[in-house]
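K.L.:
Provided below are the primary sequence and the corresponding predicted coordinates.
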Amino acid sequence: MKLTRVCLLAIACCLPFAASSNDAPLNPTAAPARPKNVVIMIGDGMGAAYTSAYRFYKDNPETEEIEQTVFDRLLVGMASTYPASVSGYVTDSAAAATALSTGFKSYNGAISVDVNKRPLPTLLERAKKLGLSTGVAVTCQVNHATPAAFLSHDESRRNYDAIAASYINTDADLILGGGQKYFPEPLRQQFIAKGYQVLTDFTELAGLTQPKALGLFADVQLPWSMDEPEAHKLSNMTSKALALLSQNTQGFVLLVEGSQIDWAGHDNDVAAAMGEMDEFAHSIEIVEQFVRSHPDTLLVVTADHNTGGFSIGANDKYEWHPEVLRQLKSSPDEMAASAIAVEQWREPLATSLGFAIDDELFSKLERARMQGKKALATAIKHEIDLRTNTGWTTGGHTGVDVQVFAAGPGSELFIGSQDNTDIANKIISLLPKPKKDVK
Ligand SMILES: [Zn+2]
C-alpha cells in the first residue's frame, strides 16, 4: 500500500501532460500540467448500476443507438472503497469521505480522524493553507458525513451539532446545502460576525456576488430533485460556486456532492434515484463546461460506495423498463403524501404514476394506505420495481468498486485501477507546492 502511494506521488510529480485523442476537447494543448483549480464531485452511493441505469433512463427510444451520458464521456478508471480493516470490507460514507479527503483509511463513522481518533489534514484545509479558496455544495445537510469529512474532524458522524459548530473555524469560503436545524441563531450570528453572508432562501443565491457565504436552503436535506424539476438546485449551487470561488486568482478547491443518490438507494427508490442522478449529471456538465473554458481546472468525479445493491433487471427476467420511470410525475414519497391527504386518491395517484390502477393494485395500495404514508410509499416503490423489473439486495451499502471520471490537467493520473485513498493522494500531489519561507 505504502509503495503504491509513493509510486503514484512520483508519477504525479514527473508525468508530463499529454492529451489523448478521445479527451482532446476537454484537454486543450495549452492546458498546464498542474491544475490551478480542483473540483471533486461525489455521487454518494453511485455504484456502476446507477450510471448504467441513468444511460437507459435518458435513452431516446426513437433512435436505434443508446446515447452516451456525461458519465460515459468522462470515465477513466475504478476505485476500491473498503474502510480501515477494523470496519471490514464495506464502507460507510464517513470512512469513504475521510479516504477521499485525507488519503487515509479509517473506521466507519470517522470524520477525518484516524483509527486512533487523531485528526487528519483534509484536502480543503491543505488548499486553504496554500491560499486557495474552498467550498462545498451538497444536497444533504451541510454537516452530513461527506461534506463534514472535507471540512472538519470528529470521532463520529452522528455528532451533528458539534460538526456544525466546528465549521466556524474552517474559514471555508462557501458552504451550500441544507441543515438550518443544526445552525441555531447564535451560531448563525457567529458566522455573520466572521464576515459570512447567511442565506436561507434559495432565491437569494442568484444575487450572491462574493464569498463568504453559508447557504442553508432546507431544514435538513433539500427536496428530491424529481419533486421540483425546474429548481436544479445542485446545478445552480455548482455554477454559483464556480463563479464565486474563481474570483481568487490563486485558485480554488470545490467539493460538490449528489448526496441523495445514496438516500434513494437506502430507500430502494429507483424513481428518486434517477431524479437525483439527473441533477448530479447536470451539475457535472456545468463543471465539464467550466473545464472547457478554464483549461487550468481539474475535474474528478467518483462515488464513495455503492448503495442498495441496485440491479438493472431482476427476478430471472432479462428486462428493464425505464419508460415506466419517465412517466412518473413525482417521487413515491410525494405520491404517498398526496394520496394520504385526500379521500378520492385513486385517479390522482394513477395520473402521478402514469399508469392505470386496476382493482387488484387498488386494494393492495388501499391496505398500505391504511398503515400510513411510509407503508404506502413502500407499496408504490414495490409496484414501480415490478413494472421496471428493478432489483435491490439491501437497504445499506455494498462493497463493490466504484467508477472514477476525470477531465483537465492531471486527469491522466486517475486512469485505471486505484484505491479511494489514491484519489486523495493524487489530488494532493497536484496542489501547488507551499511557498518556501524567505529569510
Ligand atoms: Zn449511505
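P.N.:
Happy to help now that I have it.
K.L.:
What about residue 343, how many residues nearby?
P.N.:
For residue 343, the count of nearby residues is 4 (other CB atoms under 10 Å). For the C-beta atoms, the positions are set from N, CA and C on the backbone; glycine is no exception.
K.L.:
same thing with residue 58?
P.N.:
For residue 58, the neighbour count with other CB under 10 Å is 18.
K.L.:
Pop the domain breakdown of this protein in here.
P.N.:
Under the assignment automatic domain parsing, the domains of the chain span 2-9+37-311+401-430, 321-388.
K.L.:
The nearest residue to residue 277 once chain neighbours are set aside and residue 151, how far apart?
P.N.:
Nearest non-adjacent residue to residue 277, counting by CB to CB, 6 or more residues apart in numbering: residue 54, 4.4 Å away. Relative to residue 151, residue 54 is positioned 28 Å away (CB to CB, to the nearest Å).
K.L.:
Next: residue 240.
P.N.:
18 Å.
K.L.:
The domains of the chain: which one's closest to residue 394?
P.N.:
domain 2-9+37-311+401-430 (4.9 Å; CB to CB).
K.L.:
In TSV: the domains of the chain, plus distance to residue 394.
P.N.:
As requested, the domains of the chain are exported to TSV (distance: least, CB to CB, whole Å):
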stretch	distance to residue 394
domain 2-9+37-311+401-430	5
domain 321-388	14
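K.L.:
most tightly surrounded among those?
P.N.:
For the domains of the chain, the largest average neighbour count (mean count of other CB atoms under 10 Å) is found in domain 2-9+37-311+401-430, namely a mean of 21.
K.L.:
now that domain: how far from the chain's centre is it?
P.N.:
5 Å (CA atoms, centre = their mean, to the nearest Å).
K.L.:
With stretch 377-394 instead?
P.N.:
The answer for stretch 377-394 is 23 Å, by CA atoms, centre = their mean.
K.L.:
Now do the same contact list for residue 240.
P.N.:
Counting by CB atoms under 8 Å, 6 or more residues apart in numbering, residue 240 touches 137, 176, 205-206, 208.
K.L.:
now for those, which pair is the farthest apart?
P.N.:
Farthest pair in these, by CB to CB: 137 and 206, 14.3 Å.
K.L.:
who are the neighbours in contact with residue 275?
P.N.:
Residue 275 makes contact with 224-227, 229, 264, 331, according to CB under 8 Å, 6+ apart.
K.L.:
And residue 89, how close does it get to residue 426?
P.N.:
Distance from residue 89 to residue 426, by CB to CB: 23 Å.
K.L.:
Where does the prediction get shaky in this protein?
P.N.:
Counting by pLDDT under 70, the chain has low-confidence residues at 1-32, 435-439.
K.L.:
what about the strands in it?
P.N.:
For the chain, strands defined by DSSP state E occupy the ranges 37-43, 75-80, 133-141, 174-178, 197-199, 213-216, 252-258, 297-303, 306-307, 311-312, 390-391, 397-398, 402-407, 416-419.
K.L.:
Let's see the second one as PDB, backbone CA atoms only.
P.N.:
Pointing back at strand 75-80 there. The C-alpha trace of strand 75-80 is given here as PDB (Å, rounded to 0.1, in the frame of the first residue of the first chain):
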ATOM      1  CA  LEU A  75     -14.900   7.600 -17.400                       C
ATOM      2  CA  VAL A  76     -11.200   6.900 -16.700                       C
ATOM      3  CA  GLY A  77     -10.900   4.300 -14.000                       C
ATOM      4  CA  MET A  78     -12.200   2.400 -11.000                       C
ATOM      5  CA  ALA A  79     -11.600   2.700  -7.300                       C
ATOM      6  CA  SER A  80     -11.800   0.300  -4.300                       C
END
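K.L.:
What helices and strands are in contact with that strand?
P.N.:
strand 402-407, strand 416-419, helix 420-430 (3 or more CB pairs under 8 Å, 6 or more residues apart in numbering; DSSP states H and E).
K.L.:
do you know which of these lies nearest residue 198?
P.N.:
With CB to CB as the criterion, residue 198 lies closest to helix 420-430 of these, at 29.5 Å.
K.L.:
Report the angle between that closest one and strand 252-258.
P.N.:
Taking axes from the mean of the first three to the mean of the last three CA atoms, to 10 degrees, one finds helix 420-430 and strand 252-258 inclined to each other by 150 degrees.
K.L.:
Mind giving me the packing neighbours of helix 420-430?
P.N.:
Secondary-structure packing of helix 420-430 (3+ CB pairs under 8 Å, 6+ apart): helix 2-14, strand 37-43, strand 75-80, helix 93-102, helix 123-129, strand 297-303.
K.L.:
Now it - C-alpha only, PDB.
P.N.:
Provided in PDB are the C-alpha atoms of helix 420-430 (Å, rounded to 0.1, in the frame of the first residue of the first chain):
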ATOM      1  CA  ASN A 420     -10.100   5.600  -2.800                       C
ATOM      2  CA  THR A 421      -7.100   6.900  -0.800                       C
ATOM      3  CA  ASP A 422      -5.100   7.100  -4.000                       C
ATOM      4  CA  ILE A 423      -7.600   9.600  -5.400                       C
ATOM      5  CA  ALA A 424      -7.000  12.000  -2.500                       C
ATOM      6  CA  ASN A 425      -3.200  11.500  -2.700                       C
ATOM      7  CA  LYS A 426      -3.200  12.200  -6.400                       C
ATOM      8  CA  ILE A 427      -5.200  15.400  -5.900                       C
ATOM      9  CA  ILE A 428      -3.000  16.500  -3.000                       C
ATOM     10  CA  SER A 429       0.100  15.900  -5.200                       C
ATOM     11  CA  LEU A 430      -1.300  18.300  -7.800                       C
END
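K.L.:
neighbouring contacts of that helix?
P.N.:
4-5, 8-9, 12-13, 34-35, 38, 40, 79-81, 96, 99-105, 123, 126, 298, 300, 302, 304, 404, 409-410, 413-414, 418.
K.L.:
Then stretch 149-157?
P.N.:
Contacting residues not belonging to stretch 149-157 are listed as 92-94, 97-98, 100-102, 109-113, 117, 119-120, 122-124, 136, 144-145, 148, 162-163, 166-167, 170, 172, 175, 255 [CB under 8 Å, 6+ apart].
K.L.:
Repeat the analysis, applying 6 Å as the threshold.
P.N.:
The contact list for stretch 149-157, computed with CB atoms under 6 Å, 6 or more residues apart in numbering, reads 94, 97-98, 101, 109, 111-113, 117, 119, 122, 124, 145, 163, 166-167, 170, 172, 255.
K.L.:
Okay, residue 218 and residue 176: tell me how far apart.
P.N.:
As defined by CB to CB, residue 218 lies at a distance of 11 Å from residue 176.
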